[in-house]
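**Q** starting from these lines, generate the structure:
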Amino acid sequence: MSSFRIFDIAGAGMSAQSVRLNTVASNLANAESVSGDANAVYKAKHPVFQAVQSDQAGDIGNSVQVLDIVESQAAPEQRYDPGNPLADANGYVYAPNVNTVEEMVDMISASRSYQNNVEVMNTARNLLLATLKLGQG
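**A** Next up, the predicted model:
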């Protein structure tokens with residue numbers, strides 16, 4: 001495997017975690033939004049990752065890509081709030097079934113995974129620079 005392939009792998013990991021962070025941010029931003037229609041309420045989004053094996057010019061390496069972003073199929077939360085202007089004929093509004101605690105844990109996990117990929121890139125860069133300096137001196 002080429003020494004430079006590590007940058008592609010870590011970069012793909014950073015890109016995937018960035019998508020994950022964006023979906024978590026979207027979910028948290030819409031966690032308290034309500035609608036008068038259960039079908040129109042915001043649905044939490046979650047990325048689906050896929051491991052990728054590539055064979056480029058004899059180099060075999062593993063990577064990750066975002067295969068899709070799927071919407072949660074969980075039923076929305078039904079709240080009785082007849083004073084809300086968005087309430088349906090029965091006085092109910094519907095809120096997305098977004099668990100903010102789970103989203104915060106997912107955000108911390110994605111952030112740490114992103115940071116780990118940054119550290120991999122920094123370490124690989126430092127090792128390559130140290131290798132280049134071996135011939136000097």
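**Q** pLDDT weak spots in this structure?
**A** Residue ranges of the chain with pLDDT under 70: 1-2, 55-61, 137.
**Q** what about the helices in this structure?
**A** Counting by DSSP state H, the chain has helices at residues 5-29, 100-133.
**Q** mean neighbour count, those helices: which tops it?
**A** Most buried of the helices of the chain, by mean neighbour count (mean count of other CB atoms under 10 Å): helix 5-29, with a mean of 18. Backbone N, C-alpha and C define where each C-beta goes, glycine included.
**Q** now the residue nearest the centre of the chain: closest residue in space that isn't a chain neighbour?
**A** The chain has residue 20 as the residue nearest its centroid, 0.6 Å off, counting by CA atoms, centre = their mean. Leaving aside its chain neighbours, residue 20 sits nearest to residue 110 (4.2 Å; criterion: CB to CB, 6 or more residues apart in numbering).
**Q** any idea how far residue 53 is from the one you found?
**A** 23 Å (CB to CB, to the nearest Å).
**Q** ditto for residue 86
**A** 48 Å.
**Q** neighbour count: the two, which is higher?
**A** More neighbours surround residue 86 than the other of residue 86 and residue 53, with 14 against 8 (other CB atoms under 10 Å).
**Q** shouldn't the more buried one be in contact with residue 34?
**A** Yes. Applying CB atoms under 8 Å, one finds residue 86 in contact with residue 34, separated by 5.8 Å.
**Q** shared neighbours of those two, anything?
**A** Contact criterion CB atoms under 8 Å, 6 or more residues apart in numbering; residues shared by residue 86 and residue 34: residue 93.
**Q** returning to what we had before: confirm for me that the residue nearest to residue 20 is in contact with residue 24.
**A** Yes. Residue 110 lies in contact with residue 24 (CB under 8 Å); the separation is 6.5 Å.
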